[in-house]
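Chemist: this is a predicted model, with the sequence first.
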Amino acid sequence: MDNTVRTAVLSEIRCIMERFENFVSNKLVKDELNTAMDANSLPHAIIIEGDEGTGKKTLAKIIAEYCVCSSDKTRPCGICKNCIKAKSLAHPDIKIVDAKEDSRLINVASIREIRSDAYIVPNEAERKAYLILNCDKMLIQAQNAFLKVFEEPPQNVIFVLTCKSATSLLETIRSRARVLSLYPADENEAIEVVQERLPDADKSDVINAVIKCDGNIGKSIDFLTNGSGTEEQLIAEQIAQSILLPKKFELLKCSAKLSSDRAFADRVLSKLYEILAEAVKITAGANSNSIAAKPLADRLTRKRLFELMNKVSEARYRIERNINMNLFGAWFCSEMRL
C-alpha cells in the first residue's frame, strides 16, 4: 500500500472514529452513513431498527448533530455552537418525540404538528432533524398522517425513526426510508465497552452480564446497575412458550402474573413484543440470538406472528387506558390463544 492510499485509509478511519465516538460495533452501518455524510447525501428518512440497548437513540442523535453542525470539515464536529446545543438537547432545529414512556405522544395530532413544522425554514442551521423514537408504538392512523410528509419531503429536513422492528411500520413508510438494522456487539467488544463505562464493576460480573444479555451493551449496563428487566424477561419468555402449548392453562397462569401491577405488566408486554419481532426476523431469514423466539418462528406463520404483535400492542394500549387489571390476565389469555 503506497503512502497516498495509506493516508486516505487512515483519514477515513479517523473520520469514522470521530463521528461515531459513542456508538460502538455495527461497522457496516457506520461505513454506510460515513459515505453518505461525506457526500452530503443522507436520505430524507432513516429508520433505525434494533433491540433495546443496541444504540438506536445514540445513532439518531449523531445524525441529528450532523444535520445542524456548522463545521466546514468533518461533521458533526462536536465543538461548534450548534453541536453543543444539539448535545444538550437545546437546538431549535432538532425536534424529538419519544414514545417510550407514553405511546400517546405519537398520535395523529402530534404528527400533523410535525408535518406542518417541517415545511418552515430552519431557525439556526441549514437543516432540521426530527427524531421519532420508539415509533413502533405509533398507531396506524398516525402512521398514515406521517406518510404524507414522506411522500413530499421538504428539502431541508431529515426524519429519523427508531423502533425495535421496521415491520411494525406500514410498508408504504418503510419503502420511502432507508432502514438501518443494528445488532449487539461481539462479546469481547461489549465487555471492553461495559468495563469502560462501569470501571468499578468486577470483571467477572461484566463478563457474566454481557453473556446473559447476548452482547447487548445497553442491557448489560442496565443489568449491572440495577438488575432491571430480569423478571419481566423471564415472564415474557414463559408467555411466549405457553402460546405454543395445546392447552391454555399455562398461558392463563402466566397471564395472571400481569394482573398485580400495571407498569410491570407493560414492561413484560414490551419484552414479549421484542420476542415476537425477533421471531418475525427469523422467518425472514435473519440471524437471532433470541432463544425464546426460535420456537415461535419454527411453528407460527409470519401472518400469525404479526397478529400476535398487534394483540400485544392492543394490550399495552388497554393498560394505558386503565383497563381493570383484575380482568386483564384472563382477557389477554383469550386474545393470545391460537
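Modeler: Here it is on my side, so go on. Numbers count the residues shown, from 1 in each chain.
Chemist: pretty sure Leu161 is in a strand, no?
Modeler: Yes: judged by DSSP: H, G, I helix; E, B strand; the rest coil, Leu161 forms part of a strand.
Chemist: list the contacts of it.
Modeler: Ala45, Ile46, Ile47, Ile48, Ile132, Leu133, Cys135, Leu169, Ala177 (CB atoms under 8 Å, 6 or more residues apart in numbering). In short, each C-beta sits where N, CA and C put it, glycine included.
Chemist: can you tell me which helix in the protein is longest?
Modeler: Taking DSSP state H as the criterion, the chain has its longest helix at helix 262-283.
Chemist: next SSE downstream of that one?
Modeler: Using DSSP states H and E, the helix or strand that follows helix 262-283 in sequence is helix 293-299.
Chemist: return the distance of Asn107 relative to Phe150.
Modeler: The gap separating Asn107 from Phe150 is 17 Å, by CB to CB, to the nearest Å.
Chemist: likewise for Phe223?
Modeler: Remark: distance between Phe223 and Phe150 (CB to CB) = 37 Å.
Chemist: neighbour count: these two, which is higher?
Modeler: Taking other CB atoms under 10 Å, Phe223 and Phe150 do not tie; Phe223 has more neighbours (23 against 18).
Chemist: how close does Ser255 get to Ala263?
Modeler: Taken as CB to CB, the span from Ser255 to Ala263 is 17 Å.
Chemist: dump the contacts of Leu161 to JSON lines, plus distance to Ser71, pLDDT and neighbour count.
Modeler: Converted to JSON lines, the contacts of Leu161 look like this (distance: CB to CB, whole Å; pLDDT from 0 to 100; neighbours: other CB atoms under 10 Å):
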{"residue": "Ala45", "distance to Ser71": "24", "pLDDT": "95", "neighbour count": "22"}
{"residue": "Ile46", "distance to Ser71": "21", "pLDDT": "97", "neighbour count": "21"}
{"residue": "Ile47", "distance to Ser71": "27", "pLDDT": "96", "neighbour count": "24"}
{"residue": "Ile48", "distance to Ser71": "23", "pLDDT": "96", "neighbour count": "28"}
{"residue": "Ile132", "distance to Ser71": "26", "pLDDT": "93", "neighbour count": "26"}
{"residue": "Leu133", "distance to Ser71": "26", "pLDDT": "92", "neighbour count": "21"}
{"residue": "Cys135", "distance to Ser71": "29", "pLDDT": "88", "neighbour count": "27"}
{"residue": "Leu169", "distance to Ser71": "33", "pLDDT": "90", "neighbour count": "22"}
{"residue": "Ala177", "distance to Ser71": "26", "pLDDT": "95", "neighbour count": "19"}
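Chemist: okay, and which of the residues you listed map to strands?
Modeler: Ala45, Ile46, Ile47, Ile48, Ile132, Leu133 (DSSP state E).
Chemist: now, among these, which is nearest to Lys73?
Modeler: Checking these against Lys73 by CB to CB gives Ile46 as the nearest, at 22.8 Å.
Chemist: wait, the closest one sits on Thr162?
Modeler: No: using CB atoms under 8 Å, Ile46 is not in contact with Thr162, being 9.3 Å away.
Chemist: find residues that contact each of these two.
Modeler: In contact with both Ile46 and Thr162: no residue, using CB under 8 Å, 6+ apart.
Chemist: okay, the residue nearest to Cys135 when sequence neighbours are not counted: pLDDT?
Modeler: Distances taken as CB to CB, 6 or more residues apart in numbering put Leu161 closest to Cys135, at 4.6 Å, once the chain neighbours are dropped. At Leu161, the model reports a pLDDT of 96.
Chemist: bridging residues for Leu161?
Modeler: In this entry, Leu161 is beta-bridged to Ile47, Ile132, by DSSP bridges.
Chemist: ok, now how distant is it from Ala60?
Modeler: Applying CB to CB, the value for Leu161 to Ala60 is 8 Å.
Chemist: overlap in contacts of those two?
Modeler: Residues touching both Leu161 and Ala60 (CB under 8 Å, 6+ apart) are Ile48, Leu133.
Chemist: centre-most residue in the chain?
Modeler: Among the residues of the chain, Cys163 comes closest to the average C-alpha position under CA atoms, centre = their mean, at 3.7 Å.
Chemist: and for Asp202, the neighbour number?
Modeler: Asp202: 11 surrounding residues under other CB under 10 Å.
Chemist: look up phi and psi at it.
Modeler: Dihedral pair for Asp202: phi -70, psi 140, per degrees, to the nearest 10.
Chemist: can you check Ile291 too?
Modeler: In terms of degrees, to the nearest 10, the main-chain angles of Ile291 are phi -70, psi -40.
Chemist: so who does it touch?
Modeler: Contacts for Ile291 (CB under 8 Å, 6+ apart) come out as Glu237.
Chemist: in the stretch 1-150 of the chain, which spans are strands?
Modeler: Using DSSP state E, counting those that start in this stretch, the strands of the stretch 1-150 of the chain run over 45-49, 94-98, 128-133.
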